[in-house]
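1. test case, fold it:
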Amino acid sequence: MIYLFLATGFEDIEALAPLDIIRRAGLDITTVSITGEKIVYSAHGVGVVADALLADVDLSGADMLVLPGGLPGSTNLDECEPLRQAILKHHAEGKPLAAICAAPMVYGHLGILEGVKATCYPGVQGQLKGAEYTGEIVTKDGQFITGRGPGAAMAFGYAIAEHFLGEEAVAPLREGMIYNQLFKDKLADLYKEF
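-> This is a model prediction of the structure:
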């Protein structure tokens, strides 16, 4: 089971786009509210009903923990001690962790990015203690998948799906969602300029 954590002020697209992609890929993913309430409000005031409350979830069997970014969502995740402890345990067991935008700072503050290549929203990289900042859209290194920001949300979701299923298995999903076409059209437009 993959768990995606929702805190007040999460970035809408960074939670919902990966969630959608992961479910379309046929993987089990549960959204978890850290607020104590099932409805969690995004950075843009959208109320999302979480599948579960943190207090009711046993994370010991989790396959991956996913943190969407946004502010103050990332800060709220960072201040949630039960989540921090679950992340540390998950990391110690060598299990995969994913975070996008400002949320990789949670891993940085916990000191678990030492020597890891990671990306995040520009300006947050100073909080990725010990990490090698890449500035890439998505960076995969060891047990970590990190994404740069809202525009990387779909690529981040595909990277998570590919972690479990492989790139070849996820390729038809990319095609079916017209994701690859975006880049084909952009490249065609670029070539027209020359």
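
2. so which helix or strand takes in the residue nearest to Asn180 when sequence neighbours are not counted?
-> What sits nearest to Asn180 in space, not counting adjacent residues and going by C-beta to C-beta, 6 or more residues apart in numbering, is Arg174, at 5.2 Å. (Glycine included, C-beta is placed from N, CA and C.) Using DSSP states H and E, Arg174 falls within helix 167-176.

3. mind listing what's buried in that helix?
-> 170, 173-174 (16 or more other C-beta atoms under 10 Å).

4. what angle sits between the strand or helix carrying Gly157 and helix 167-176?
-> Here Gly157, judged by DSSP H and E, is contained in helix 153-165. On the basis of axes from the mean of the first three to the mean of the last three C-alpha atoms, to 10 degrees, helix 153-165 is oriented at 150 degrees to helix 167-176.

5. which residues touch helix 153-165?
-> For helix 153-165, the surrounding residues in contact (C-beta atoms under 8 Å, 6 or more residues apart in numbering) are 2, 13-14, 17-22, 25-27, 63-64, 66, 96, 98, 100, 137-138, 140, 145, 147, 169-170, 173-174, 177, 179.

6. same check on stretch 134-147?
-> Taking C-beta under 8 Å, 6+ apart as the rule, stretch 134-147 contacts 14, 69, 91, 94-101, 104, 107, 113, 116-120, 122, 125, 148, 151-153, 155-156, 159-160, 163.

7. next: stretch 119-130.
-> 69, 99-105, 107-109, 111, 113-116, 118, 131, 133-139, 146-149.

8. just the buried members of these?
-> 69, 99-105, 107-108, 113, 116, 118, 131, 133-134, 138-139, 146-149.

9. give me the subset of the residues you listed that lies in strands.
-> The members of the buried ones among the contacts of stretch 119-130 that map onto strands under DSSP state E are 99-100, 118, 133, 138-139, 146-147.

10. let me see the contact set for Ala50.
-> 6, 31-33, 38-40.

11. reformat the residues you listed as a markdown table; add distance to Ala55 and secondary structure.
-> A markdown table is the format used below for those (distance: C-beta to C-beta, whole Å; DSSP: H, G, I helix; E, B strand; the rest coil):
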| residue | distance to Ala55 | secondary structure |
| --- | --- | --- |
| Leu6 | 14 | strand |
| Thr31 | 15 | strand |
| Val32 | 10 | strand |
| Ser33 | 9 | strand |
| Lys38 | 12 | coil |
| Ile39 | 16 | strand |
| Val40 | 14 | strand |
